[in-house]
Structure formats: C-alpha cells, structure tokens
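[1] When you get a sec, could you give me coordinates for this:
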Amino acid sequence: MRITFLLIGFLCGIQFVYGFEDTTLEDDDFAEFEQFDAEDDTPVNDYTEEVPDVLSQKVKPPPKEFEAVVEIEDEIILEDEDNEFEHFQDPEEFEGFQETTPRTMEQPKITISKVPITARPRWDAYWLEGILCCLLASYALAYAIGRAKNTSIAVNFLKLHKPLLEENFTLVGETGAEVVSGADERGWRREAEHCFTMWCSGRSCCEGMLLTLKLIKRQDLVHVLLGVVRPNPDTLQIRIELGKDDMDPFVFCIAQKKIAAKLAREMHDLSVYCGERRAGERLGVPGALSVVAECAEPGAALLDARVCAALQLHHRHLLYLHLSDKYAGPKHLEETASTKPPETERVMLVSLALGPDGGGDELRPLLQLVFYILDKLKRFKLSKEALAKCEKRRQKVAEAWLRGAHAARQEQAALRREEKRKQEKERILAEDDPEKQRRWELKEQKRQQKRKTPKMKQLKVKAL
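    Just a heads-up that it's a prediction; the model follows:
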C-alpha cells in the first residue's frame, strides 16, 4: 500500500515537470546554452535609442521558433566577417560610455584647393645651380684659353731663339710624344700646362744647358684672379752644368735687390761663403742690382764694359745670375742635422723675366750675354792670393761641418745610451729582487759621481 502511494507521487512529479518544460527546445545537450544566446540577442530597452537606424533595420525581432533564430545568427556572423569594424557600432561593446557628439551617417566633406598649373618652370628657384654651372663653364673656358696661350708662347720662343741656340749647341730640344715644337721635330717637353723644359748639349766650356720655361698658370682661373692682385711675370730659368776645369773655386751672384737678399738668406753657398752684399753702382751696374761675391776679383773680371752696357739696357729682365762651385741648393733646417756632407756641384744659374709678348727681342741680348759670360768664365783665373783664401775658407767650412757632424753623432749616441739605460732600469724595477735593485742603484750612483768629478791630467816627473 505504501509502495503504491510512492509510485503515484513520482508520476505526478514527472507530469508537473513536463507541464513547465518548453516544447520548442529539442532534446539536445547544448539546448540550454542556445536558449541563453537567443535571449542575449534581443535588444535591451535601455540602449535602443542609441542604436543607429542602419542596425535597427538589419536586426530583426527574435522569432518564436528555434530554427529561425539559428538562421538569423548565421547571417549576422557572415556580416561580421565582411565588416571587421562593425563591433564599433555595437552599443553593448561600450557600456557606460556617453558620446559627446551625435553620430551621423553623413560623409565628411573634403575641400580640394585649386592649384594653378604653370606651363613653364620657375628658373629663379635654380639660381644656385645656375651660378655653379657658370663657374664651371668659365673655369673650363679659362683652361682651354690659358693652355693655348702658354703653348703659343713656347712655340713663339722657339721661332725667335732656336737659331741662336743652334749656333751655340749641337743638339737643341727633345723628341717624344709630349713635345711642343713648331715646324721642327725637336722642341719643348711639356712638364705641365705652364712648365716646359728643353735640354741643349754639345758645346765647349760646359757639359750641358737646361732651359725651363715657367709661365703664368693661365689655365687656372684662380691663379689668373690672384695674378690681378699680385702680378708675376713669365720666367726663363737657365741651368748650365760646368766641369771642374771650367771654373775656379768661387761664389758670385748678381741679382735684383729683393731677390739678392732672399738668395743670400736661403741659399747654402751664398750664406756660408759670401759676406756682405754690395751695391751695383760700385761695379758699374745699375743701382737696382746687388752683388753678392766671395771675393772682389770675379766681380771685377766678369762685369766688364760690354756686360755693364747690356745690363744698363736690360737689367729689368735679369732676375739673378748665380755662379758657384759649391752649389747645394737651399739651406737645410737646423733641426734636421745630417751626418753626410751636402752634395755640391759647379753650376751657372740664370733667371730671366719675359716680356708681355712671351720673350721677344728683349730676351735675345740677355741670352747672348749668358754665352759671353760662359766663354769668359773659362778663361778667367783667380790670383794666387785669392785662390789661397778661397781654398782656406772651404777648408774651414769642411772642418766646421766635421765638428758639427761629430757633435751630432755624439748627441745621437748619448740619446741611445740614455734610452738603453732607461730600459735597463725598467727591467730591474720590474723584477722582485730588492738585492739586485740595490746593487744597480749603487752602480748608478758611482757612475754619476764619476761623471761629475773633474778630469785631471797626471804628469810624471823623472827623478834626476
């Protein structure tokens, strides 16, 4: 009887549960969660006003049947895949956020300003490039004109003075690819755009002559502009190699006053063997020239009436004339003491300033004067007294140089010994042996004391 009442109560409870069960749900394990998802899709009344019209048109009210809800969700998911920024329009994504500005679906207006299109470019924007192009063009034009001008001066010199050179030398000029000449094959060798050289040989009283034509750097626009401020003339430098029997031992120079002072200060032979500078009036030459000589005999013998007359007419074109048997070039610096004596040679150096036309008729008398002095130099001989004085002066200079070289060698040896002693001291101090260090210090003290003690000579006297 009791069992019967329990069965009836169990059946009534089951019937009560089925009465409250939703018939729309299927018999699925996840049906309960799908019901909650369907309820979440329904819009909340509190935020319905903030949803845009576009969303209100797209979202539909939840259907009563479960299958219709599933189809709508699929459509919304597809829209989410197409528009990745649609979550910004979902009001539930920004809960509690109050917008300050109302949302509108109007597109922002973009104003495009009308820029006038110019048919031609504005050249005033390229003024810097224009200036640079003009400078480059002017530099190239100056290079072409200056190179042609220098070449024409060299060719004109050959036309005017090559016959004179051929009268005095057997071989005049050089051959090669870089030779500048007129109708003949031999001519100048172009060392640079403004420098030309020519070698002449085959003459008595000399071993050869080197002509160097140094012109203004007309191919360089910068030097042309600097030449307007400080003009320099075109020059012809003559270097004649003399033999041992072609010249007695003496040093002589005649030059313009400023150039003579500079040469006496910078040239090794003039600063060592020559004394004071003498004015040109004492020897019969123009006052614009100065004479620097080792002795008086060369000046009196070489500057005869013919030479003085030529110098009176063309002294403006003579820069210097230098004769030396001990020519060694410019003086060496005192800081760079050499252990070898400077190499000397017997030369005759002449520097001539060319005229504005590049060396015309005014240069021919000076070239003839050079050959005249060269012939006279071969015949000139110093007296016995002057020759003895010159030899004695050279001997003193050689002895002084030997003493200086010996002192320089001693100084270098002392520096080497000091460096060696310093290295030995560092080596002793690096060792951990105090007894060895003490012995080295005692040895060093004895050496210093012996060095300070004055040396005295001992004289031995034999007993009678």
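[2] which secondary structure elements does the host helix or strand of Gln423 contact?
    Counting by DSSP states H and E, the element that carries Gln423 is helix 384-430. Under the contact criterion of 3 or more CB pairs under 8 Å, 6 or more residues apart in numbering; DSSP states H and E, helix 384-430 touches helix 268-273, helix 434-452. Yep, even glycine has a C-beta here, placed from its N, CA and C like the rest.
[3] so for the helix or strand hosting Leu128, what's the average pLDDT?
    For Leu128, the host element (DSSP H and E) is helix 127-168. The average pLDDT within helix 127-168 is 90.
[4] ok, back up a step: among the helices and strands packed on helix 384-430, which is the most enclosed?
    Compared across those, helix 268-273 shows the largest average neighbour count, a mean of 20 (mean count of other CB atoms under 10 Å).
[5] Mind giving me the packing neighbours of that helix?
    strand 251-256, helix 257-266, strand 318-327, helix 384-430.
[6] if we can go back for a sec, what angle do strand 251-256 and the helix holding Gln423 make with each other?
    With axes from the mean of the first three to the mean of the last three CA atoms, to 10 degrees as the basis, helix 384-430 and strand 251-256 are set at 90 degrees to each other.
[7] Run through who's touching the helix or strand hosting Val292.
    If you go by DSSP H and E, Val292 is part of strand 289-293. With CB atoms under 8 Å, 6 or more residues apart in numbering as the test, strand 289-293 has contacts from 250-257, 260-261, 263-264, 270, 274, 277-280, 282-283, 285, 299, 311, 315, 318.
[8] Could I have the buried ones of the residues you listed as PyMOL selection syntax?
    Applying 16 or more other CB atoms under 10 Å to those, the buried members can be selected in PyMOL as follows:
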select buried, resi 250+251+252+253+254+255+256+260+263+264+270+274+277+278+280+283+285+299+311+315+318
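[9] now for the helix holding Leu128, which elements pack on it?
    The elements that helix 127-168 packs onto, with contact taken as 3+ CB pairs under 8 Å, 6+ apart, are strand 171-172, strand 179-180, strand 195-201, strand 208-214, helix 221-229, helix 364-379.
[10] can you redo those as CSV with mean neighbour count and mean pLDDT?
    CSV is the format used below for the helices and strands packed on helix 127-168 (neighbours: other CB atoms under 10 Å; pLDDT from 0 to 100):
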stretch, mean neighbour count, mean pLDDT
strand 171-172, 19, 88
strand 179-180, 18, 81
strand 195-201, 19, 91
strand 208-214, 19, 92
helix 221-229, 12, 87
helix 364-379, 17, 90
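[11] need the contact list for the residue lying closest to Glu191 once chain neighbours are set aside.
    In this structure, Glu191 finds its nearest non-sequential neighbour in Thr197, 5.5 Å apart by CB to CB, 6 or more residues apart in numbering. Going by CB under 8 Å, 6+ apart, Thr197 touches Glu174, Trp188, Arg189, Glu191, Leu210, Leu211, Thr212, Leu213.
[12] Closest to the centroid, which residue in this structure?
    In the chain, the residue lying closest to the centroid (CA atoms, centre = their mean) is Val222, at 17.6 Å.
[13] how far away is it from Tyr139?
    Relative to Tyr139, Val222 is positioned 9 Å away (CB to CB, to the nearest Å).
[14] how deep is Ala296 tucked in, by neighbour count?
    Ala296 has 13 neighbours, counted by other CB atoms under 10 Å.
[15] follow-up on the earlier one: dump the helices and strands packed on helix 384-430 to TSV, plus distance to Ala148 and mean pLDDT.
    Shown next, in TSV, are the helices and strands packed on helix 384-430 (distance: least, CB to CB, whole Å; pLDDT from 0 to 100):
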stretch	distance to Ala148	mean pLDDT
helix 268-273	39	87
helix 434-452	72	79
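[16] what about the stretch 251-400 of the chain, any weak spots by pLDDT?
    Within the stretch 251-400 of the chain, the ranges that satisfy pLDDT under 70 run 333-340, 359.
[17] related to what we said a few turns ago, out of the helices and strands packed on helix 127-168, which comes closest to Lys396?
    Of all the helices and strands packed on helix 127-168, helix 364-379 sits nearest to Lys396, with 25.2 Å by CB to CB.
[18] which other residues reach that closest one?
    With CB under 8 Å, 6+ apart as the test, helix 364-379 has contacts from 160-161, 164, 168, 204-206, 238, 240, 242, 246-247, 301-302, 304, 306-307, 310-311, 313-314, 317-318, 321, 323, 348, 350, 352.
[19] Write the PyMOL selection for whichever of those are buried.
    Buried residues among the contacts of helix 364-379 (16+ other CB under 10 Å), as a PyMOL selection:
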select buried, resi 160+161+168+205+206+238+240+242+246+247+302+307+310+311+314+317+318+321+323+348+350+352
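[20] per-domain residue ranges of the protein.
    Annotated domains of the chain cover 31-87, 148-332+339-382 [automatic domain parsing].
[21] Now that we have the ones you listed, can you turn them into CSV and tack on distance to Glu431?
    Converted to CSV, these look like this (distance: least, CB to CB, whole Å):
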stretch, distance to Glu431
domain 31-87, 81
domain 148-332+339-382, 37
